[in-house]
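J.: sequence first, then the predicted structure, then my questions.
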Amino acid sequence: MSYESSLIPIIRKFNRFYTKVLGLLDKHLLASDFSLSEARVLYEIGNTERCTAKLLIEQLRIDAGYLSRILKHFEKLGLTYRVQSDEDARSSFLFLSPAGEETLAKMDALSNEQIRKMIIELPEQSQRSIARSMSIIERELSNNNERNISIRTKLKPGDIGLLIHMHGWIYARKCGYNHVFEAYVCKTFYDMLLTYSAEKDRFWIAEVDGEIVGSIAMISHSDEKAQLRWFMLHPEFRGMGLGKKLLQESLHYCRERGFRSVFLETTEDQKTAISMYTRAGFRKVAEQENNDWGVHHIEQTYELHLQEASLQPADSAVEVN
């Protein structure tokens, strides 16, 4: 059995479960006078600009004859009306009447209440997990590669633990680093947190659907010097310009704060990273051998003098210890 075939029973089981939970097989949706298809058509008319029957057929993948019967039923009830297009006499735009808007508002309220009752007894973390999972399902099945990426600068409880976790599995897979490396990462965060201050240190946390997918930080060492740390992206979010944006924002912050120089520590096997940093103006100032992480590598230190450099980072997304 192929991997895809093994997933089919799982997906079908979920479909049966969710259909039952929402009562989608009931003749009338939400104890109303409308079927699921009728409710969807009503919703789309009320929420789609320049809505036409052709557009509804494309969006809902509904049979043209069935849609025609639904629209005639709505017009008979006084819920919708048509306005002939000035551009095409064969086409009409569909609108909700005041009675249609009132009906849709009631349907929305009933739907909201149904969902509220479904999740109200669940812990907040479970509620967020459900919403996040549904967003992922929608995105993956809609062939929409656009992802709503947000960047915040305020640290939240649990952020550091998640960043340590990401460092561990990403570097193990990419570079073969062992548990000693993860211990090293833990210590760097521990040392930082003992003196961390939002007034002199700054994190940029990139999130998608509430999950961390990238980070970068600037840690102050003095009024004139800062260290770039923990620059990392989830492999699925590289090549999208997110790494470039994080680096730009962090160096812009350094210039605004008046830092005269920034340094970072990396390893010689981070070829793409090193190329990006050198294009941004960083120059290697030191290196030393290290065999502590399960593989032989060379640690390198790079420094950027801000008053001399211009910001021209590459579009690649990479990691820094």
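T.: Looks like it arrived, so ask away.
J.: element containing the closest residue to Gly168 other than its chain neighbours?
T.: In this structure, Gly168 finds its nearest non-sequential neighbour in Glu182, 4.2 Å apart by C-beta to C-beta, 6 or more residues apart in numbering. No exception for glycine: its C-beta is placed from N, CA and C like everyone else's. Counting by DSSP states H and E, the element that carries Glu182 is helix 179-195.
J.: and the following helix or strand past that helix with helix 179-195, angle?
T.: Downstream of helix 179-195, the first helix or strand assigned by DSSP H and E is strand 202-208. Between the axes of strand 202-208 and helix 179-195, defined by axes from the mean of the first three to the mean of the last three C-alpha atoms, to 10 degrees, the angle is 120 degrees.
J.: what comes up buried for strand 202-208?
T.: Using 16 or more other C-beta atoms under 10 Å as the test for burial, strand 202-208 gives Arg202, Phe203, Trp204, Ile205, Ala206, Val208.
J.: can you spell out which helices and strands pack onto that strand?
T.: In terms of contacts (3 or more C-beta pairs under 8 Å, 6 or more residues apart in numbering; DSSP states H and E), strand 202-208 is packed against strand 149-152, strand 211-220, helix 242-257.
J.: of those, flag the one that's most buried.
T.: strand 211-220 (a mean of 22; mean count of other C-beta atoms under 10 Å).
J.: direction included, what does that one pair up with?
T.: Note on strand 211-220: by DSSP bridges, its sheet partners are strand 202-208 (antiparallel), strand 225-233 (antiparallel).
J.: which one of the buried residues of strand 202-208 is nearest Arg90?
T.: Using C-beta to C-beta, Val208 is the member of those that sits closest to Arg90, with 43.1 Å.
J.: that closest one reaches Ile151, doesn't it?
T.: No: checked against C-beta atoms under 8 Å, the pair Val208 and Ile151 is beyond contact range at 10.6 Å.
J.: quick one: low-confidence parts of the stretch 101-250 of the chain?
T.: 143-147 (pLDDT under 70).
J.: any chance you could list what contacts the helix holding Glu182?
T.: Where contact means C-beta atoms under 8 Å, 6 or more residues apart in numbering, the residues beyond helix 179-195 that reach it are 160, 163-164, 167-168, 171-172, 201, 219, 229-230, 292-294, 321.
J.: try 10 Å
T.: Contacts to helix 179-195, defined as C-beta atoms under 10 Å, 6 or more residues apart in numbering, come from residues 155, 159-161, 163-169, 171-172, 175, 177, 196, 201, 203, 217, 219-220, 227, 229-230, 265, 290, 292-295, 297, 321.
J.: of the residues you listed, keep whichever come out buried.
T.: 155, 159-160, 163-164, 166-168, 171-172, 175, 177, 196, 201, 203, 217, 219-220, 227, 229-230, 265, 293, 297, 321.
J.: residue furthest from the geometric center of this protein?
T.: Most distant from the centre of the chain: Lys76, at 43.9 Å, with distances by C-alpha atoms, centre = their mean.
J.: phi first, then psi, for Ser37.
T.: phi -60, psi -40 (degrees, to the nearest 10).
J.: for it, list the residues it contacts.
T.: Ser37 neighbours (C-beta under 10 Å, 6+ apart): Leu29, Leu60, Ile62, Asp63, Tyr66, Leu67, Ile70.
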